[in-house]
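> what's the 3D shape of this:
(2 chains)
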Amino acid sequence: MATRERIEPEAGRLVDMSWDPITRIVGNLGIYTKIDFRQRQVATCKSTSSLFRGYSVFMKGKDPRDSHFITSRICGICGDNHAVCSMYAQNMAYGVKTPPLGEWIVNLGEAAEYIFDHTIFQDNLVFVDFCEQMVQSTNPSVMEKAERAEAPGAATHGYRTIADIMRSYNPFTGETYREALVISRISREMICLMEGRHVHPSTIYPGGVGTVATPQLFTDYLMRLLRCLDFIKKAVAMNEDVFDFFYEALPGYEEVGRRRILLGCWGAWNNPDYVDYDYRHMQQWGDEMFVTPGIIVDGELITTNLVEINLGIRILLGSSYYDDWTNEEMFVERDPLGNPVDRRHPWNQTTLPRPQRRDLEGGNYSWVMSPRWYDRRTGDHLALDTGGGALARLWATALADKVHTPYVNATGSSVRISLPATPNSAATELEWRIPQWSNAIERDRARVYFIAYSAAMALHFVEKGLEEVRSGVTKVFEDFEVPDEAIGCGFHEAVRGVLSHHLVIRDKKIANYHPYPPTPWNGSPTDSFGTPGPYEDAVAGQPIFEENGPDDFRGIDIMRAVRSFDPCLPCGVHMYLGGGKTLKQLHSPMLGAHSGG
Amino acid sequence: MVKTGKPDVAPDAPSHVPGIRTGHEPGAYERMPGHLPDGRSTAARSTGINARARDPIDPSMPNLSPP
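Residues are numbered from 1 along each chain as shown, chains lettered A, B, ... in the order given. Alright, predicted model coming up:
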């Protein structure tokens, strides 16, 4: 699947560079590269994780009704996505449908989660890589250009030059950085209103929610949403200006983090008018989701059918610390439609950990497995990425042309978002157009548009929820019984991309449970077919634009590429330079202290 | 050293014990006061004290009891 030819460097020209850990998400993410400083290119890249979680191991034998509370703990920032996805899988297994008002409440909670999580990641973490202090220390010539570059969106956001915007991104001191923290607090309050608690919801259950729906609940939410909208309108304009400037100031920057367009989206926000959580109708209600599920290969939407998406999932090994499970039990031979289910599908997976030494030279080097999607047309096992979540969601929704709501409309080549007038800003029409590349800048740009998309959808959900309340229908939960034997699957979008939970119940207990969040897809190692994972693929072969040499190299372009996938929260980055010289650099959010800013 | 007794349950025992009534079991909705079969509710959902006096004065109004 590698899209670029491997560089053949002359002997001794490569410098080993590694960043481990990069994030504090599901396991420590390490990026190990070999950089050719003469050709100014990354030659090879390996993505590793050194932490084993084991949810699929210890979920066995537990009561399935606990699974949304347990799996929520997978993540410390998008745990509610897991709770909701688990609730979807349980609804299918128990054969229960959440009443419409309950569904709108879940959708409102998840919309607030997208606003919160994307905002805090974009403005408080990604933009540390694009702020004045960082750009000054990695590309001083770009900073000079930024000082002279007028910002086209100045009328909207109020910053005259690109450098002014970059200064507002400076950690701790920058205006945008600080404002984003306030917005992330307000949006978390919105989640708490609907889901009881953030990040591990207390009022989401299979069959419904425990939230008591009153007019006050929705107006409290709406009041906060309108305040977020003022910020979002400014944020979109600032993002556009900065990203366009980077393409202009650094010709060829589109190559940073670029890989073949292989995107997966599992769809978000069920439409209660259609969803019945019956697997046999999953294609129909999947198509009615407010973010359309889809798989995009080389810019072409090859399916939006959730059943086809489900059956194509394959969990491969190849560079992971596990024994193969081919001799273990098959839990699900056929799906409820009679289709055969593969032995490597999550329903049939058995996790057999085999701890061992990391071997980056042709051996096993990660606790992450390699989820792939089997393309029936070609027989390829595609290493899909999520584009940081937002890119795949917008791309699939735009191409599928199925979402038509009062505030968000797909057009076949773009997504139009209408935001109404809010206390400090006029009504705004936004349009996200399908970009030319799947690269770092476009992943980051899509993120801010998806914040606007979520806010616009939330307006729709508030109106629908209030409609139910005004008609006096206050039912938010449905009774159910746990069957002796059942299977279920939930498809959802975690903030940073595809999320699926696969559940098998036997004797009223969990016989098999496999959550697949976005990071295994994006951060997977090279699989048994030799296909590298998306981080590896995106970074290997990318050019280096940083002006620093090997001695004070910060790897900013590699960081931008990896962070564009939203590997949750970047924290401390320890850098190792070949030849025994170790540099320790404090990265975001400690950059301010490091730079004396 | 603090002496502790033998634990009654294993740490991974299911949190739901068979035989104990659960809020989601079939029929639970009908048994709960104030929840009507058509999805609407009355003030009895919120209070057991003189609930009928707290219903809307006009029966055509939505009955929005406080949490």
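> quick one: average confidence on stretch A:379-393?
Per-residue pLDDT over stretch A:379-393 has a mean of 96.
> brain fart, stretch A:246-256
96.
> what does stretch A:191-211 give?
On average, stretch A:191-211 scores 96.
> go on, stretch A:90-103?
98.
> Secondary structure class of the closest residue to residue A:536 other than its chain neighbours, three-state.
Nearest non-adjacent residue to residue A:536, counting by Cβ to Cβ, 6 or more residues apart in numbering or on different chains: residue A:45, 4.7 Å away. For every residue, glycine as well, the C-beta is placed using N, CA and C. The three-state assignment at residue A:45 reads strand, by DSSP: H, G, I helix; E, B strand; the rest coil.
> what's residue A:45 in contact with, if anything?
With contact set as Cβ atoms under 8 Å, 6 or more residues apart in numbering or on different chains, residue A:45 has these partners: A:31, A:32, A:33, A:532, A:535, A:536, A:539, A:540, A:558.
> Just the closest of those residues to residue A:60, please.
residue A:535 (30.1 Å; Cβ to Cβ).
> and the closest one, what pLDDT?
91.
> burial count for it?
28 (other Cβ atoms under 10 Å in any protein chain shown).
> outside of the helix or strand in which it is found, which residues touch it?
Applying DSSP states H and E as the criterion places residue A:535 in helix A:534-539. Residues from elsewhere that reach helix A:534-539 (Cβ under 8 Å, 6+ apart): A:1-3, A:31, A:33, A:42, A:45-47, A:257-260, A:262, A:383-385, A:439-440, A:521-526, A:558, A:561-562, A:565, A:567.
> what about it, distance to the chain center?
In terms of Cα atoms, centre = their mean, to the nearest Å, the centre of helix A:534-539 is set 16 Å apart from its chain centre.
> Quick one: residues contacting residue A:118.
Here residue A:118 is in contact with A:389, A:390, A:447, A:448, A:450, A:451, A:454, A:495 (Cβ under 8 Å, 6+ apart).
> The fourth one belongs to a helix, doesn't it?
Yes. Residue A:448: assigned to a helix according to three-state DSSP.
> Now it: closest residue in space that isn't a chain neighbour?
Per Cβ to Cβ, 6+ apart, closest to residue A:448 is residue A:239, 4.2 Å.
> residues near that neighbour, how many?
26.
> swap in the one 4 residues further on?
Burial measure for residue A:243: 18 neighbouring residues, criterion other Cβ under 10 Å.
> got TSV for the contacts of residue A:118, with neighbour count and distance to residue A:89 too?
TSV is the format used below for the contacts of residue A:118 (neighbours: other Cβ atoms under 10 Å in any protein chain shown; distance: Cβ to Cβ, whole Å):
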residue	neighbour count	distance to residue A:89
A:389	32	20
A:390	32	24
A:447	29	27
A:448	25	31
A:450	30	24
A:451	29	27
A:454	33	23
A:495	30	19
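> Among the residues you listed, which one lies nearest to chain B?
residue A:454 (26.2 Å; Cβ to the nearest Cβ).
> close enough to count as contact, that closest one and residue A:115?
Yes. The pair residue A:454 and residue A:115 qualifies as a contact (Cβ atoms under 8 Å) at a distance of 5.1 Å.
> how about the residues of chain A near chain B?
A:58, A:61-63, A:65-66, A:99, A:205-207, A:212, A:214-215, A:469-475, A:477-481, A:508-509 (Cβ under 8 Å from any Cβ of the partner chain).
> Could you give me the PyMOL syntax to select whichever of those are buried?
Command for PyMOL that selects the buried part of the residues of chain A next to chain B, burial taken from 16 or more other Cβ atoms under 10 Å in any protein chain shown:
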select buried, chain A and resi 62+63+65+99+205+206+207+212+469+472+473+474+475+477+478+479+480+508+509
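> Please narrow the residues of chain A next to chain B to those residing in helices.
A:58, A:215, A:469, A:470 (DSSP state H).
> mind checking pLDDT for the first one?
According to the prediction, residue A:58 has pLDDT 88.
> And it, how close does it get to residue A:516?
Residue A:58 sits at a distance of 17 Å from residue A:516 (criterion: Cβ to Cβ, to the nearest Å).
> Name the spans of chain B whose pLDDT lies under the cut-off.
B:11-15, B:67 (pLDDT under 70).
> Would you map the helices across it?
Using DSSP H, helices in chain B cover B:28-31.
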